[in-house]
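# return atomic coordinates for the entry below.
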Amino acid sequence: MNIRSVHLVLDTSAIVAYAKTIDVGETIEEVRGNHGEFALPVACLAEAAHLMPTDVLDLLVGNKSAILVGLASDEWRALAAMRTLLGRLDVAAAFAAAEAHACDILTAEPDLYKPLGDDPPIISIA
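Coordinates of the predicted model:
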């Protein structure tokens, strides 16, 4: 059995950018080429559903290297604290997923992560 690990988390802005730029597709293909997976936080997918066609979301969710992630019910306080710091629930969920998998967040909105300090765990896309 080939065990793969999560190498990257896509936040809402990266999910939306998937439909607009090849940068996201190339990045997730690189993750797949390295035998990894990319995570899609459920909160980010729900937010992106208001901004893009669901058929495009279905393509992304259906990618063989994609996994959907959420939080365990006992982690709600940590998520609430992150939401307070970062200002948005979907951004907090992306950060929580990246922390859980010890990987970076792909984002088109790097300024959202400024409250995390000088070296947040992000990869910025155009």
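# quick check: which element contains M52?
Using DSSP states H and E, M52 is not contained in any helix or strand.
# thought S65 was touching F38?
Yes. Between S65 and F38 there is a contact under CB atoms under 8 Å: 5.9 Å. In short, each C-beta sits where N, CA and C put it, glycine included.
# find the residues that touch each one of those two.
The contact sets of S65 and F38 overlap at I28, V31 (CB atoms under 8 Å, 6 or more residues apart in numbering).
# between those two, who's got more neighbours?
F38 (24 against 18; other CB atoms under 10 Å).
# now the spatially closest residue to L86 that is not a sequence neighbour: how far from I28?
Distances taken as CB to CB, 6 or more residues apart in numbering put A92 closest to L86, at 5.1 Å, once the chain neighbours are dropped. According to CB to CB, to the nearest Å, A92 and I28 sit 22 Å apart.
# ok, D119 next?
Computed as CB to CB, the D119 to I28 distance reads 23 Å.
# before we move on, what about D58?
Here the criterion is CB to CB. By it, D58 lies 15 Å from I28.
# next structured bit after the helix or strand hosting the residue nearest to L86?
If you go by DSSP H and E, A92 is part of helix 89-101. Later in the chain than helix 89-101, the nearest helix or strand by DSSP H and E is strand 104-107.
# hmm, the residue nearest to L86 is touching W76, no?
No. Using CB under 8 Å, A92 is not in contact with W76, being 10.9 Å away.
# circling back to that earlier point, and D119 and I28? Which one has more around it.
Taking other CB under 10 Å, D119 and I28 do not tie; I28 has more neighbours (23 against 6).
# in terms of secondary structure, what does the lowest-mean-pLDDT helix or strand in the chain contact?
Ranked by mean pLDDT, DSSP states H and E, the helix or strand of the chain with the weakest confidence is helix 76-86, at a mean of 91. Helices and strands touching helix 76-86, by 3 or more CB pairs under 8 Å, 6 or more residues apart in numbering; DSSP states H and E, are helix 89-101.
# looking at the helix it packs on now, give me its mean pLDDT.
Here helix 89-101 scores 94 as its mean pLDDT.
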